[in-house]
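Engineer: sequence unknown, structure follows:
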């Protein structure tokens, strides 16, 4: 797996060992960032604060940092993911612009830092993890006003969003669908 564009283009990133992580393919990641780069509703990536939930290898957040995001926080509970994330951040020399948080996405707690304008959620499919994660983000002060969220889910899954989220767009690439949401809170 490699960074697709930006300052770290072509650099390899480690993926967690085992079957518990399903990395977003390079093709889907490229398509996702193409949408974000051209949509009028998307926040500008340069200077953005990004949150990568269910981060796994951190490919989405690392790609955002490579493309100019100011800061990225990565959330995952799996020890193998936390190890891979830390290794990737260090190997790319992004320690000053990245933070790994070992937390359960459904029980985030409060965020005391600057809120995030762009959030990637890539939970395991068919596990019902999106709704609790969205609730925790809104309740805990993680989202800036009008934050954009890119939620990856199975192409056959119907994403039910809470009232405080509005749907901006939806794209399907192979077995994955990405629903782009706007925080209305």
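Structural biologist: Sure, I can see it. Bear in mind the structure is a predicted one, so any value in this text is a computation, not a measurement.
Engineer: give me the beta-bridge partners of the residue most central in space within the chain?
Structural biologist: Central residue of the chain (CA atoms, centre = their mean): residue 120, 2.2 Å from the mean position. When bridges are called by DSSP bridges, residue 120 pairs up with residue 52, residue 150.
Engineer: Do I have it right that it meets residue 51?
Structural biologist: Yes: using CB atoms under 8 Å, residue 120 is in contact with residue 51, at 7.1 Å. All C-beta atoms are positioned from the backbone trio N, CA, C, and that covers glycine.
Engineer: from memory residue 73 sits against residue 101, does it?
Structural biologist: Yes: at 5.9 Å, residue 73 counts as touching residue 101 under the criterion of CB under 8 Å.
Engineer: Please say which of those two ends up with more neighbours.
Structural biologist: Each of residue 73 and residue 101 has its neighbours counted (other CB atoms under 10 Å); residue 73 has more, 21 against 17.
Engineer: Can you list the strands that the helix or strand containing that one pairs with?
Structural biologist: Assigned by DSSP states H and E, residue 73 falls within strand 71-75. Applying DSSP bridges to the sheet, strand 71-75 is found paired with strand 49-53 (parallel), strand 98-101 (parallel).
Engineer: Distance of residue 119 relative to residue 93?
Structural biologist: Plainly put, residue 119 is 24 Å away from residue 93 if you go by CB to CB, to the nearest Å.
Engineer: Compare these two (neighbour count), which wins?
Structural biologist: Counted by other CB under 10 Å, residue 119 and residue 93 do not tie: residue 119 has more neighbours, with 28 against 9.
Engineer: what sits against the more buried one?
Structural biologist: Contact analysis of residue 119 by CB atoms under 8 Å, 6 or more residues apart in numbering lists 50, 51, 52, 53, 137, 142, 143, 147, 148, 149, 150.
Engineer: If anything else comes up later, I'll come back, but that's it for now.
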